[in-house]
Structures are given as C-alpha cells and as structure tokens.
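# whatever this is, show me its structure:
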Amino acid sequence: MASFFSIYEAQFQLFLIGVGFAYSQQIVLRAGVFSIATAGFASIGAYAAAIFVTRYGVPPALAIVIAAAIGGLVGTVLSIPLVRLRGVYQAIATLAFVQVVMAFAFYAEPLTGGALGINRIPQVVKTWHLLLAVGVTMYLTFSIAHSGMGRAFDAIRQNEMVAATLGVSIVRYQTIAFVISGLLGGLFGGFLALQSFSVTPEHFGFAFLTAVLAYIVLGGRNSVLGPFVGCAILSALPEIVRPLAEFRMLVQGALMIVVINYMPMGVVDTLQMVVRRSRAAEKTNNPAKVPAL
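The predicted structure follows:
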C-alpha cells in the first residue's frame, strides 16, 4: 500500500492542486461572472512563489501566503472594470487578462526566465499541506453556499434584474467573488510552483484553461462537491483508459459531449436534482396524516 501511494503521490498532489483551481473557477461562475481568469491568477501565484523562494530566500510557507495575497489583490483590481461588463464581454476581457499575464511571463525574461521559466524550485510541498488547503477551501465554499452571500450569488446568477430589485448589490458581490477567486488561484498556484521543479508559461496555457473549465462542466458549478468530483473524474480518466493509447483523447472528448448533452448541470448537480425530485414525489404520494381530534 505504501509503495502504491509513493508511486502515485505526485499525481495525487497534482489532483489536489487541480481541485483548488476548480474552486477558484467555480466561485466566480456561481456569482454569475463568466470569467476564465483562474489561469492568470494561478500563473501570478506560481511565479510569485517561485521568485520569492529562489531569488530572495523567502521561506516557502511565507511565499505561498504572499502568492495568495497577490492573487487576491490582482482579483480586486481586475474586478473594478469587469464587474461592469456582462456575459461574453466578461469572458473576452478575462481571456485578454490571461494573455497579458502569459505575455509578461514570456517577455519579462530577467524576472520570469522567459520561455524556459524558473527552474530548480525546491519541492517542499507535502500531501498533508494540500489536503489541509483543499479541506479549508471546501469548508469555505460550503459556508458561502449556506450563507446570505451564497444566496446573493445564486440570485445574481439566475436573474440580475430581480436580484437588484431585491436590494442585492451586484457590483459588491461579484467583486467579492473575484477577490476569492484570485486568492484561491494564487494560493494553489504557489503550491504548484513548490510542488514542481520548475514553472514555465506552458503550465498555464490553453490546456490549463480548458481543463479547469472542464472540471466545473463535468462536476457541476452550483454544488460544493461538483469541482472535486469533476477534477477526480478527469484526473483518473487518463489512467483508466491508458490501454486505449492514442484513443484516450477521443474517449475524454466523448465523455464531455455525453455529460453536456445529458447532464448539462454537471454530474453532482444533476444527481442532487434527481434526489430532490424523488423526495418531493415521495412526500406527494405519502402525505402526512393529520391526527384525529
């Protein structure tokens, strides 16, 4: 058992980091923001942690805190113009943000190492560090979902006009969502830098962006467990279909098509809806008996 875990420990750590990125993406989608800025936040956090550790000798734990703080700060600044945009314009603006971050990583060679990135980063992240971070993130997500903030997020996502009529500040709550997304993206970006030997711009390119979105599409964007389940499925799938060799990407694409067509809300959200409907049907078929006087 120990040898099995040691073989797959690195993959398990990457899975946990992916879960963190998925929650960073989910929080803005839940608040009705069509943002794909998580790749930018993750890149900023990873480079920040790598630079502070390798060039300034900052302790890794402090470097990760700094990475999270920088991610949250960038999320705050980014929210100023973006919360006033809607729909596809938000997606285009956040994509432009990611492209700016990637361009900076490529061309600011004295700071970022350019295309070669930053190498020889100490690999100090332990599995329990990531388990703790993911656990706290899931607890935070659960707390938000069952609070007034979560209800405000849901109201904004479902109908902004109605939410505004009810007194919900759209700008305020979407700004909060951006800040949390940036903080989580920077945090787990810092973990990624200190889990890997190097950080390069390719780590946060188109493949990263689509993978994070796929976690949410597959798992569900409204449930607490959705990002975790989506990331678990897509992380395990390459190992499951390994015997299919060159057909692995075809299988993954087919799975996404099936889920989008038959479970557009995601696996977890759809299952929760089915359970709620079945319970409602049971109550309808078996009404509570009124005691006789």
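# going forward, measure contacts and count neighbours with C-alpha atoms only.
Fine.
# let's see the helix or strand of the chain with the lowest mean pLDDT as CSV, backbone CA atoms only.
Taking mean pLDDT, DSSP states H and E as the measure, the helix or strand of the chain with the lowest value is helix 248-262, at a mean of 79. Extracted in CSV, the C-alpha atoms of helix 248-262 (Å, rounded to 0.1, in the frame of the first residue of the first chain):
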residue,chain,number,x,y,z
ARG,A,248,-7.5,8.4,-24.9
MET,A,249,-8.3,12.0,-26.0
LEU,A,250,-11.2,10.7,-28.1
VAL,A,251,-12.6,9.0,-25.0
GLN,A,252,-12.3,12.1,-22.9
GLY,A,253,-13.9,14.2,-25.6
ALA,A,254,-16.8,11.8,-26.0
LEU,A,255,-17.3,11.8,-22.2
MET,A,256,-17.6,15.6,-22.2
ILE,A,257,-20.1,15.5,-25.0
VAL,A,258,-22.2,13.0,-23.3
VAL,A,259,-22.2,14.9,-20.0
ILE,A,260,-23.0,18.2,-21.7
ASN,A,261,-25.9,16.6,-23.6
TYR,A,262,-27.5,14.5,-20.9
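# from here on, call the first residue 153.
Noted, 153 is the first residue going forward, which turns the last one into helix 400-414.
# what's it in contact with?
366, 369-370, 386, 389-390, 393-394, 418-419 (C-alpha atoms under 8 Å, 6 or more residues apart in numbering).
# so which of those wins on neighbours?
Leu370 (28 neighbours; other C-alpha atoms under 10 Å).
# which parts of this protein belong to which domain?
Residue ranges for the domains of the chain, per automatic domain parsing: 162-356, 372-435.
# using JSON lines, please lay out those domains together with distance to Thr362.
What follows is the domains of the chain, written out as JSON lines (distance: least, C-alpha to C-alpha, whole Å):
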{"stretch": "domain 162-356", "distance to Thr362": "9"}
{"stretch": "domain 372-435", "distance to Thr362": "12"}
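# okay, now Gln424: neighbour count?
Applying other C-alpha under 10 Å, we find 12 residues neighbouring Gln424.
# how distant is the host helix or strand of it from the center of its chain?
Secondary structure assignment for Gln424, by DSSP states H and E: helix 419-437. Mean-position distance between helix 419-437 and its chain equals 27 Å (C-alpha atoms, centre = their mean, to the nearest Å).
# just stretch 181-193 next, same as before
Between the centre of stretch 181-193 and the centre of its chain there are 9 Å (C-alpha atoms, centre = their mean).
# pLDDT of whatever helix or strand Ala285 lives in, averaged?
Assigned by DSSP H and E, Ala285 belongs to helix 279-297. Mean per-residue pLDDT for helix 279-297: 94.
# cool, stretch 252-263 as well?
Stretch 252-263 comes out at a mean pLDDT of 91.
# and if you look at stretch 188-200?
Mean pLDDT, stretch 188-200: 94.
# so what angle separates the directions of the helix or strand just after the helix holding Ala285 and helix 279-297?
As assigned by DSSP H and E, the chain's next helix or strand after helix 279-297 is helix 300-310. The directions of helix 300-310 and helix 279-297 differ by 70 degrees, with axes from the mean of the first three to the mean of the last three C-alpha atoms, to 10 degrees as the criterion.
# how many degrees apart are the strand or helix carrying Gly172 and helix 300-310 in direction?
Element membership for Gly172 (DSSP H and E) is helix 154-182. Here helix 154-182 points in a direction 70 degrees away from that of helix 300-310 (the same axes, to 10 degrees).
# what mean pLDDT does helix 154-182 get?
For helix 154-182, the per-residue pLDDT averages 85.
# so how far is that helix off the chain centroid?
Using C-alpha atoms, centre = their mean, the offset of helix 154-182 from its chain centre is 10 Å.
# then the helix holding Gln424 to PDB, C-alphas only?
Extracted in PDB, the C-alpha atoms of helix 419-437 (Å, rounded to 0.1, in the frame of the first residue of the first chain):
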ATOM      1  CA  VAL A 419     -22.800  15.100 -12.600                       C
ATOM      2  CA  VAL A 420     -23.200  16.200  -9.000                       C
ATOM      3  CA  ASP A 421     -25.800  18.900  -9.600                       C
ATOM      4  CA  THR A 422     -27.900  16.600 -11.700                       C
ATOM      5  CA  LEU A 423     -27.800  13.800  -9.100                       C
ATOM      6  CA  GLN A 424     -28.800  16.300  -6.400                       C
ATOM      7  CA  MET A 425     -31.700  17.400  -8.500                       C
ATOM      8  CA  VAL A 426     -32.900  13.800  -9.100                       C
ATOM      9  CA  VAL A 427     -32.700  13.100  -5.300                       C
ATOM     10  CA  ARG A 428     -34.700  16.300  -4.500                       C
ATOM     11  CA  ARG A 429     -37.400  15.400  -7.100                       C
ATOM     12  CA  SER A 430     -37.700  11.800  -5.800                       C
ATOM     13  CA  ARG A 431     -38.100  13.100  -2.200                       C
ATOM     14  CA  ALA A 432     -40.700  15.600  -3.300                       C
ATOM     15  CA  ALA A 433     -42.600  12.800  -5.100                       C
ATOM     16  CA  GLU A 434     -42.500  10.600  -2.100                       C
ATOM     17  CA  LYS A 435     -44.000  13.400   0.100                       C
ATOM     18  CA  THR A 436     -46.700  14.000  -2.500                       C
ATOM     19  CA  ASN A 437     -47.600  10.300  -2.700                       C
END
